[in-house]
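1. Mind folding the following:
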Amino acid sequence: MRTRRATVAALMAVATIPAAACEEPDLRVPTASEVADYYSVDGRIETDVGGNVAQVVVYQPADQLRRGGTLWAKVGPYVFLFSDATLGLFRDFPGLAAVRVVTRHPSGTEVARATLARATLNELTWRRALNVAGRARVEGTQRVSLVEDLIRWGEQRTDFEYNPRYTRSR
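-> Numbering: from 1, shown residues only. Below is the predicted model of the structure:
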């Protein structure tokens, strides 16, 4: 009797395994308004989701681009990509494949863009990314080398494009 109960229990347990294996994976992606909720930005921001890619458009102040020149034009997308907001989107929306940040001049002209794929960073490299970006945000005005570090970090880990009008050497 005891053997029969054990056998029935084992069969029941095995029978539930295929049912669990057939569950649909969680491939949710955020809405544009949910993406906007993750980013707190002073100024104008636009968000969109196309397929499984979230896009964030940030308008950089004209005087920042004028004073900061090439460095500030290039660093814009990385300041937002390597942030708790992007990490949170990837953690909360398993179907999200990438986040793209586009920076624009107030006139609407695109300055730079960078796309970070979900699989690019792991737990350790995310920590490093947040550190590099955080230091550039806090101390970058006084230590330009931190902004340069963030640009190098971003260029090595994203697909990026810069508008030559804002990034060519003078």
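2. Please determine how far the residue most central in space within the chain is located from Glu148.
-> Nearest to the mean C-alpha position of the chain, by C-alpha atoms, centre = their mean, lies Thr86 at 3.7 Å. When C-beta to C-beta, to the nearest Å is applied, the distance between Thr86 and Glu148 equals 21 Å. The way it works is simple: take the backbone N, C-alpha and C, and place the C-beta from them, glycine included.
3. Next: Thr120.
-> Relative to Glu148, and taking C-beta to C-beta, Thr120 is found at 20 Å.
4. Any stretches of this protein with poor pLDDT?
-> 1-22, 169-170 (pLDDT under 70).
5. if you set the cut-off to 90 instead, what comes out?
-> Per-residue confidence of the chain (counting by pLDDT under 90) places the weak regions at 1-27, 40-44, 61-69, 137, 139-142, 167-170.
6. all strands in it, in order from the N-terminus.
-> Using DSSP state E, the strands found in the chain span residues 45-50, 53-59, 98-104, 110-117, 159-162.
7. got the ones you listed as CSV, with mean neighbour count and distance to Gln142 columns?
-> Formatted as CSV, those follow (neighbours: other C-beta atoms under 10 Å; distance: least, C-beta to C-beta, whole Å):
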stretch, mean neighbour count, distance to Gln142
strand 45-50, 15, 26
strand 53-59, 20, 23
strand 98-104, 23, 22
strand 110-117, 21, 23
strand 159-162, 17, 24
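8. how about these, which one is nearest Asp37?
-> Among the strands of the chain, strand 45-50 comes nearest to Asp37, with 9.0 Å by C-beta to C-beta.
9. export that closest one as CSV, just CAs?
-> Once non-C-alpha atoms are left out, strand 45-50 reads as follows in CSV (Å, rounded to 0.1, in the frame of the first residue of the first chain):
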residue,chain,number,x,y,z
ILE,A,45,11.6,64.0,-23.0
GLU,A,46,9.8,61.8,-25.5
THR,A,47,9.4,58.0,-25.2
ASP,A,48,8.3,55.3,-27.6
VAL,A,49,8.3,51.5,-27.9
GLY,A,50,8.8,49.9,-31.2
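10. how many degrees apart are it and strand 98-104 in direction?
-> Between the axes of strand 45-50 and strand 98-104, defined by axes from the mean of the first three to the mean of the last three C-alpha atoms, to 10 degrees, the angle is 140 degrees.
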